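A.B. asks: Build the 3D model from these lines:
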Amino acid sequence: MKRPIKIGLTGTIGSGKTAAANLFQKLGAPVIDTDQIAHQLTQKNSPALKKIAGHFSEKILLPSGELNRKKLRDIIFQNSAEKKWLENFLHPLILTEMNRQIKNISAPYVILVIPLLFEAHCESYVDRTCTVDADEKTKVTRVCKRDHLTPDEVSAILKTQICREEQLKKSDDVINNNGDLDSLEIQVKNLHKKYLSQS
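C.D. replies: You can find the predicted model right below:
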């Protein structure tokens, strides 16, 4: 079985990665989302969650025993050493699960949604990188509406992520997502044809 081309899809918060990934999926491309894998790995009573709770204490658990994702996010947002610990622990587990899923794919190419693609230095793991891009004002507006955050809170999150210029410079392909869904769909269709032609 021929190995599918691995396309690393990335973009900062509010850029529209999920919308783009959904459109690729609609065209028949398999999508593996590392955020979803992280959620699965840290389900209630999972070995990974027990290890995380052992490190951060049980204050990061909800009364139900599930992970309090907001609490954990707040801790690592304020403490770079704790963020590093969590990444060093989770990234290899995510990578292993992603590899397992890729082995079962027979499509010409696969979309790997990796929000921290460049920050985690995963470029060597994929065959091509594709960034979903939008200007800061558009991203802030989207996230405020979606997550009920203030513009200042969203701007603070964006400051912790890779700068736009660096991200664009490192990308093989760029999807401009300042417009509407129709514009996004046209660009995704064009890339779909391109990736099929390269397989």
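A.B. asks: What's opposite the residue nearest to residue 187 when sequence neighbours are not counted in the beta bridge?
C.D. replies: Of all residues not flanking residue 187 in the chain, residue 175 sits nearest, at 4.9 Å (CB to CB, 6 or more residues apart in numbering). (Each C-beta comes from the backbone N, C-alpha and C, glycine too.) The partner list for residue 175 in beta bridges (DSSP bridges) reads residue 132.
A.B. asks: In contact with residue 175, which residues?
C.D. replies: Residues counted as contacts of residue 175 (CB atoms under 8 Å, 6 or more residues apart in numbering) are 16, 20, 130, 131, 132, 133, 184, 187, 188, 191.
A.B. asks: can you check residue 60 too?
C.D. replies: 52, 53, 67, 68, 71, 72, 75.
A.B. asks: For the fifth one, I want the exact helix or strand it lies within.
C.D. replies: Element membership of residue 71, judged by DSSP states H and E, is helix 69-78.
A.B. asks: Run through who's touching the following helix or strand past that helix.
C.D. replies: Remark: after helix 69-78, the chain's next helix or strand is helix 80-103, criterion DSSP H and E. Outside helix 80-103, the residues that touch it by CB under 8 Å, 6+ apart are 4, 6, 32, 34, 37-38, 40-42, 48, 51-52, 55-56, 72, 75-77, 110, 112, 116, 120, 125.
A.B. asks: redo that, cut-off 7 Å
C.D. replies: 4, 32, 34, 37-38, 41, 48, 51, 55, 75-76, 110, 112, 120 (CB atoms under 7 Å, 6 or more residues apart in numbering).
A.B. asks: After that helix, which helix or strand is next?
C.D. replies: Next element after helix 80-103 (DSSP H and E): strand 109-113.
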